[in-house]
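**Student:** sequence-free structure coming up:
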């Protein structure tokens, strides 16, 4: 949401959008700054045991979001708190990157133990899109994404590879496009657009199979 507000502010120069992004990110700093384990940001707050309580688990995907939004907000406002928050989130994302190209989804509920039980494609692709993967490791992450999640016509959300995940396939096409592999990117997008869509024109999340 903060990123959407920042994009809208960039397009319109309307200060209300910058203020809205600032409000969102203030909440993130207040409610989701990690208190245990590695620096970074947690899942925020949840209704637990009859009350709103902080949760300790950390998500790679969420920390990519915070790194991007906080860095942008810090650049626009000059507020060092957001610059530091971006660095903390980026550090957490870096720790989730494994030598074999896998990117872990985050931590377990204790906020400390890496979650090695589940792999998800967006945890690998989003750091690439955000520029949070070193060049020396980027090829390994992309290769892992295509080999471990690849299916005919695209990629799956997880490594059971039982069908095309439309959103993730579009994410992969975007990564390929930003890395100069435009032909593969266009092939993936063309295949997505060739399938049935809702009456509104929206793409379905997956294929019927």
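**Tutor:** All right, it came through fine. Small disclaimer: the values here were computed from a predicted structure and weren't measured.
**Student:** Neighbours of the closest residue to residue 151 other than its chain neighbours, how many?
**Tutor:** By the measure of CB to CB, 6 or more residues apart in numbering, the closest residue to residue 151 outside its immediate chain neighbours is residue 161, 5.2 Å from it. Quick note: C-beta positions are derived from backbone N, CA and C, even for glycine. Number of residues near residue 161 (other CB atoms under 10 Å) recorded here: 15.
**Student:** before we move on, what about residue 175?
**Tutor:** 20.
**Student:** From here on, call the first residue 842.
**Tutor:** Shifting the count to begin at 842 puts that one at residue 1016.
**Student:** what's the neighbour count on the residue nearest to it when sequence neighbours are not counted?
**Tutor:** Using CB to CB, 6+ apart and skipping residues adjacent in sequence, the residue nearest residue 1016 is residue 969, 5.0 Å away. Neighbours of residue 969 under the rule other CB under 10 Å: 23.
**Student:** hang on, residue 969 in a strand?
**Tutor:** No: counting by DSSP: H, G, I helix; E, B strand; the rest coil, one finds residue 969 to be helix, located in no strand.
**Student:** re the thing from before, the residue nearest to residue 992 and residue 988: what is the separation?
**Tutor:** 10 Å (CB to CB, to the nearest Å).
**Student:** check contacts around the closest residue to residue 1015 other than its chain neighbours.
**Tutor:** Computed as CB to CB, 6+ apart, the closest residue to residue 1015 that is not its neighbour in sequence is residue 970, at 6.3 Å. Going by CB atoms under 8 Å, 6 or more residues apart in numbering, residue 970 touches 1012, 1015-1016, 1019.
**Student:** For this protein, list the residue farthest from the centre, please.
**Tutor:** residue 891 (30.2 Å; CA atoms, centre = their mean).
**Student:** returning to that earlier point: drop anything exposed from the contacts of residue 970.
**Tutor:** Taking 16 or more other CB atoms under 10 Å as the criterion, what is buried in those is 1012, 1015-1016.
**Student:** Adding distance to residue 848, write the residues you listed out as TSV.
**Tutor:** Converted to TSV, those look like this (distance: CB to CB, whole Å):
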residue	distance to residue 848
1012	17
1015	15
1016	19
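**Student:** and of those, the nearest to residue 899?
**Tutor:** residue 1012 (20.9 Å; CB to CB).
**Student:** Tell me, what's the model's pLDDT at the closest one?
**Tutor:** Model confidence at residue 1012, given as pLDDT, is 95.
**Student:** and what of residue 1035?
**Tutor:** pLDDT, read off for residue 1035, is 87.
**Student:** same question, residue 889
**Tutor:** For residue 889, pLDDT reads 86.
**Student:** partners of it in the sheet?
**Tutor:** Going by DSSP bridges, residue 889 is paired in beta bridges with residue 892.
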